[in-house]
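>>> Model the following, please.
(one chain, ligands or ions: 2)
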Amino acid sequence: MNSSNNEKNIFIVRVGEVALKGQNKPYFERMLVERIRKLLKKFSGVEVVRREGLIFVHSPKEIPKEDIIKEIKKVFGVDSISPAVKTEPDMKSIGDAAVEYMNELIREKGIKTFKVDSKRADKSFPVKSPDISRQIGASVLKGCKVLKVDVHDPDVYLYINVRHDAAYIYQQKIAGFGGLPLGTNGKGLVLLSGGIDSPVAAWMMAKRGMQIEAVHFHSYPYTSERAQAKVEELAGILAVYCSRFKMHVINMLPIQEQIVKNCPEEEMTIQLRRFMMRTAEKIARGNDCDMLITGESLGQVASQTSHSLVVTDASVQIPVMRPLIALDKSDIIEIAKDIGTYEKSIEPYEDCCTVFLPKHPLTRPRLERIERSESSMDVEALVQAAVESEEMIDIYPA
Ligand code: ATP
Ligand code: MG
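Ligands and ions are numbered 1, 2, ... in the order given. Purely as a prediction, here's the structure:
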């Protein structure tokens, strides 16, 4: 098959919502191409080009196709990927290429039935789409004797896409995550615990184009160094999608000790959460983050009832995003498994929230009461000291 055209493997990458962006479309496409290039930089000789609403990736034959696909799939904004074969845009060349393509599939996968699905992006191409399908279908039947057409449930869809400079043949559309390219939608500071939820929350915001920075709270020496290492590893998995980011690490123990001293036991969790929010808000303001992101989900625990969330929110001015708010735990777990954070999240390490855990945390806290307990502490100074004690870590993709 047209081997002159084809010393490289070719992948067609389709954009999702980016395609709807109207005037801003070139900007979004550029960001997407840049991101794909960045992730494929580890392989030499790969080219990424944008042409007429599609992105084409050309990679040297020695690089396994799966490796290329695995990288492109991590890019937010990618709707689907198709490994394709390129040929001249004329019926004879397309027919020959289709026969060779299908013979290979017969050898590799033992397919028996097919259906051709054609698209003519170049409207000046003399053959209309249904006729392309019919004629190429006939060529394939002639050239691949074992194959039959099945229009209802074929083993393989043979897609033909005729464009003005070339025609492409492919059979798979491998789904990407969709979303929007990273870096097209501000920056958020995620409150990152070692649990299942917050990495998923960060990932979901990043999927909408938001850059991520993280803050992690610990209670060393009540929480271990290993517990923090686990969070760093978890962050590394996130960075695979979100690119390299900063993680601010803060010891909450001095604040927790003040809470224990000054507040009734049942208030401890909600008090701690308000301090976490305030500390995060200060870090966000100092680091160009537009909003906070948490992994809270309505009603999941005492601190996530509607009353608790209202009292938590009242401690800060900055907008707080809770992308998991209406998801069930089982849905969250499914996403965590899909993006590869789940196995790390379930490693059993202590979290600062579990230190000094009240036996009966409030589920309907009243703001006035919480504020009254708080008034015996120098909130501003405690938060300032917490922020000043921060350790900063660069997180690199795992
Ligand atoms: P997760 O699975 O994300 O730990 P969770 O269900 O355990 O969440 P909580 O422990 O109540 O819920 O925490 C709610 C949210 O508060 C977390 O999703 C996270 O955003 C933030 N958070 C909790 N603990 C920490 C921590 N140690 N450091 C940073 N953020 C935290
Ligand atoms: Mg937790």
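>>> Residue numbers of the protein in contact with ligand 2?
With Cβ under 5 Å from the ion as the criterion, the chain comes near ligand 2 at residues 193, 195. In short, each C-beta sits where N, CA and C put it, glycine included.
>>> per-domain residue ranges of the chain.
What automatic domain parsing lists as the domains of the chain is 3-175, 187-395.
>>> Quick one: end-to-end distance for the last one.
For domain 187-395, the separation between the terminal residues is 16 Å (Cα to Cα, to the nearest Å).
>>> tell me, how many neighbours does residue 208 end up with?
19 (other Cβ atoms under 10 Å).
>>> Would you report the backbone torsion angles of it?
Dihedral pair for residue 208: phi -90, psi 10, per degrees, to the nearest 10.
>>> do you know how far it is from residue 111?
To residue 111, residue 208 is 38 Å away according to Cβ to Cβ, to the nearest Å.
>>> do residue 242 as well
Taken as Cβ to Cβ, the span from residue 242 to residue 111 is 39 Å.
>>> What of residue 81?
Distance from residue 81 to residue 111, by Cβ to Cβ: 21 Å.
>>> Have a look at these two and say which one is more surrounded.
Neighbour count, other Cβ under 10 Å: between residue 81 and residue 111, residue 81 has more, with 24 against 18.
>>> quick one: strands adjacent to the helix or strand harbouring the more buried one?
Using DSSP states H and E, residue 81 maps to strand 78-87. Using DSSP bridges, the strands paired with strand 78-87 are strand 8-15 (antiparallel), strand 167-170 (antiparallel), strand 174-175 (antiparallel).
>>> could you give me the average pLDDT of that strand?
Taken as a whole, strand 78-87 has a mean pLDDT of 97.
>>> May I have it exported as PDB, CA atoms only?
This file holds the C-alpha atoms of strand 78-87, laid out as PDB (Å, rounded to 0.1, in the frame of the first residue of the first chain):
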ATOM      1  CA  VAL A  78      -9.200  14.900  22.700                       C
ATOM      2  CA  ASP A  79     -12.500  13.300  21.800                       C
ATOM      3  CA  SER A  80     -11.200  10.300  19.900                       C
ATOM      4  CA  ILE A  81      -8.100   8.800  18.200                       C
ATOM      5  CA  SER A  82      -7.900   6.600  15.100                       C
ATOM      6  CA  PRO A  83      -4.800   4.900  13.900                       C
ATOM      7  CA  ALA A  84      -5.100   5.400  10.200                       C
ATOM      8  CA  VAL A  85      -3.600   4.600   6.800                       C
ATOM      9  CA  LYS A  86      -3.100   7.400   4.300                       C
ATOM     10  CA  THR A  87      -3.500   7.200   0.600                       C
END
